[in-house]
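A.B. asks: model this:
(one chain, ligands or ions: 2)
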Amino acid sequence: MVVLGIETTCDETAAAVVERADSGAGNILSNVVLSQINEHAAFGGVVPEIAARAHVEALDHIIARAMEQAEMRFAALDGVAAAAGPGLIGGVIVGLTTAKAIALVAQKPLIAVNHLEAHALTARLTDTTPFPYCLFLASGGHTQIVAVLGVGNYVRLGTTVDDAIGEAFDKTAKLLGLGYPGGPQVEKEAAAGNPARFALPRPMVGRAHADFSLSGLKTALRLEAEKVAPLSDEDVRDLCAAFQQTVVEVIADRLRSGLKLFFERYGKPAALVAAGGVVANEAVRKALNRVAFEAATALVLPPPALCTDNGAMIAWAGAERLALGLTDPLDALPHARWALGDVTGPASPPQVSASTAASGEG
Ligand code: KG4
Ligand code: ZN
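C.D. replies: Residues are numbered from 1 along each chain as shown. Ligands and ions are numbered 1, 2, ... in the order given. Have a look, this model is predicted:
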């Protein structure tokens, strides 16, 4: 089964062609990503209208390149998938409408994919991970711990009550005068900094629930920065190191709680799976290793290029849904907001009970 996937929910224009074997194994035939970072850098963040216009200009070429690299024709596809949300609505409309046009002309089924579901299922593309598993999703817009029980069957175990983790990295970078996007810049500065010089609060740490809170940390960092201003290069490095170390400790603690909740409700997960741009961070990846090791759980960390937004994850989620007969009508709506828990699955979703959960496919 071969599916074209289109991603335009934020500031990446992306298209990919992915194959799914009957066995459930995945194979990426092409994966083309055009980042709009340069368009938005001057504004210190993504400007929705600029993003939508840039998607309009680039998308046709990106799709053509993805098809060319995969040596595919539209007529040979089994389906056309696009991220139908959640995201910046202008961009979502561009991608979804383009997918509908291709589906209509080539007479192929359309799959309107939830962007978060695509992040959630990437571990099955890279590692054929069986259900159920515990997902840690950390991007610029989302921070969630999710029980992934099947395609279209997701239960949120924890989320952020304020800022997303990637957003906190971006705001920290902005505060310290580093560029956009902030995550990679903060990581670079942190590598040479002293994490012990500034003491920052660790919100939610030790709680039994699996929720996050990042805004207090951001405020504390601003107050520390104000105390030592004007900032030297060393101050910036030390503040970045303190921030990153704190976030990493918070992530580890919240994941321990999330895994405990997962275990109580669904038994042992087949794996701890991570996704989202923040997971490109080396210190975060190390913490995930530690948490998975402590919990005696396999860790699935897709390569950084598949953790950040890309077309392959959309194509793959499309293929997984298509394999279950889950297609969408040509009047499927774009969504600015679309919670993972509202994604629908097969008519009678496979029920995962504590007793079957340990055996993998539920
Ligand atoms: O998943 P993603 O590419 O886009 C969405 O938000 O959907 O995630 C982007 C976020 C940004 O907030 C960015 O600062 C953060 O991921 N990020 C990082 C790193 N690379 C990207 N955060 C920390 N360390 C990094 N190396
Ligand atoms: Zn994303």
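
A.B. asks: biggest helix in the protein, by residue count?
C.D. replies: In the chain, taking DSSP state H as the definition, the longest helix is helix 233-266.

A.B. asks: anything in that helix sitting right up against ligand 1?
C.D. replies: No - against ligand 1, helix 233-266 shows no contacts by CB under 6 Å from any ligand atom, the least distance being 7.7 Å. All C-beta atoms are positioned from the backbone trio N, CA, C, and that covers glycine.

A.B. asks: For that helix, what is the distance to the chain centroid?
C.D. replies: Its chain's C-alpha centre and that of helix 233-266 lie 17 Å apart, by CA atoms, centre = their mean, to the nearest Å.

A.B. asks: buried set for that helix?
C.D. replies: By 16 or more other CB atoms under 10 Å, the buried positions in helix 233-266 come out as 235-248, 250-259, 261-263, 265-266.

A.B. asks: What pairs with the helix or strand just after that helix, parallel or antiparallel?
C.D. replies: Downstream of helix 233-266, the next assigned helix or strand under DSSP states H and E is strand 272-275. Next to strand 272-275 in the sheet, as set by DSSP bridges, lie strand 133-138 (parallel), strand 299-300 (parallel).

A.B. asks: what are the C-alpha coordinates of strand 272-275, in CSV please?
C.D. replies: The C-alpha trace of strand 272-275 is given here as CSV (Å, rounded to 0.1, in the frame of the first residue of the first chain):
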residue,chain,number,x,y,z
LEU,A,272,8.0,4.1,25.6
VAL,A,273,7.9,6.1,22.4
ALA,A,274,8.9,9.7,21.9
ALA,A,275,8.0,12.2,19.2
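
A.B. asks: any residues touching it, and which ones?
C.D. replies: Outside of strand 272-275, the residues within contact range by CB atoms under 8 Å, 6 or more residues apart in numbering are 119-120, 122-123, 129, 133-139, 148, 255, 259, 285, 288, 291-292, 295, 297-302, 307.

A.B. asks: Around Ser232, count how many other residues there are.
C.D. replies: 10 (other CB atoms under 10 Å).

A.B. asks: before we move on, what about Glu282?
C.D. replies: 12.

A.B. asks: same thing with Ala332?
C.D. replies: Ala332, neighbours per other CB under 10 Å, totals 16.

A.B. asks: how about it, secondary structure?
C.D. replies: coil (DSSP: H, G, I helix; E, B strand; the rest coil).

A.B. asks: Grab the most central residue of this protein for me.
C.D. replies: Central residue of the chain (CA atoms, centre = their mean): Gly276, 3.0 Å from the mean position.

A.B. asks: From what I see, that residue and Ile145 are in contact.
C.D. replies: No - assessed by CB atoms under 8 Å, Gly276 is found out of contact with Ile145, at 11.7 Å.

A.B. asks: what do these two both touch?
C.D. replies: With CB under 8 Å, 6+ apart as the test, Gly276 and Ile145 both reach Leu137.

A.B. asks: Can you name the residue of the stretch 201-350 of the chain nearest to ligand 1?
C.D. replies: The stretch 201-350 of the chain approaches ligand 1 most closely through Gly277 (2.2 Å), counting by CB to the nearest ligand atom.

A.B. asks: Show the contacting residues for that residue.
C.D. replies: 138-140, 166, 181, 183, 307-309.

A.B. asks: Okay, and which of these map to helices?
C.D. replies: Filtering those for helices - DSSP H - leaves 166, 183, 307.

A.B. asks: can you put those in JSON lines and add distance to Lys227, neighbour count and pLDDT?
C.D. replies: As requested, the ones in helices among the contacts of Gly277 are exported to JSON lines (distance: CB to CB, whole Å; neighbours: other CB atoms under 10 Å; pLDDT from 0 to 100):
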{"residue": "Gly166", "distance to Lys227": "26", "neighbour count": "25", "pLDDT": "95"}
{"residue": "Gly183", "distance to Lys227": "25", "neighbour count": "26", "pLDDT": "94"}
{"residue": "Cys307", "distance to Lys227": "35", "neighbour count": "25", "pLDDT": "91"}
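
A.B. asks: Within reach of ligand 2, which of the residues you listed are there?
C.D. replies: Filtering the ones in helices among the contacts of Gly277 for proximity to ligand 2 by CB under 5 Å from the ion leaves nothing.

A.B. asks: Output the residues you listed in a markdown table, with distance to Val3 appended to each entry.
C.D. replies: Below are these laid out as a markdown table (distance: CB to CB, whole Å):
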| residue | distance to Val3 |
| --- | --- |
| Gly166 | 27 |
| Gly183 | 29 |
| Cys307 | 20 |
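
A.B. asks: Please list the residues of the stretch 201-350 of the chain that sit near ligand 1.
C.D. replies: Counting by CB under 6 Å from any ligand atom, the stretch 201-350 of the chain sits next to ligand 1 at 276-278, 280-281, 308-309.

A.B. asks: just to revisit the earlier point, state the distance from the residue nearest to the centre of the chain to ligand 2.
C.D. replies: Applying CB to the ion, to the nearest Å, the value for Gly276 to ligand 2 is 6 Å.

A.B. asks: Return the residues in contact with that residue.
C.D. replies: 119, 137-139, 142, 166, 307-308.

A.B. asks: One more pass at 7 Å, please.
C.D. replies: Listed by CB atoms under 7 Å, 6 or more residues apart in numbering, the contact set of Gly276 reads 119, 137-139, 142, 166, 307.

A.B. asks: Dump those into CSV; add distance to Asp22 as well.
C.D. replies: Shown next, in CSV, are these (distance: CB to CB, whole Å):
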residue, distance to Asp22
His119, 24
Leu137, 28
Ala138, 33
Ser139, 31
His142, 32
Gly166, 36
Cys307, 27
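
A.B. asks: Going by neighbour count, which of those comes out on top?
C.D. replies: Counting neighbours by other CB under 10 Å, His119 leads those with 32 neighbours.
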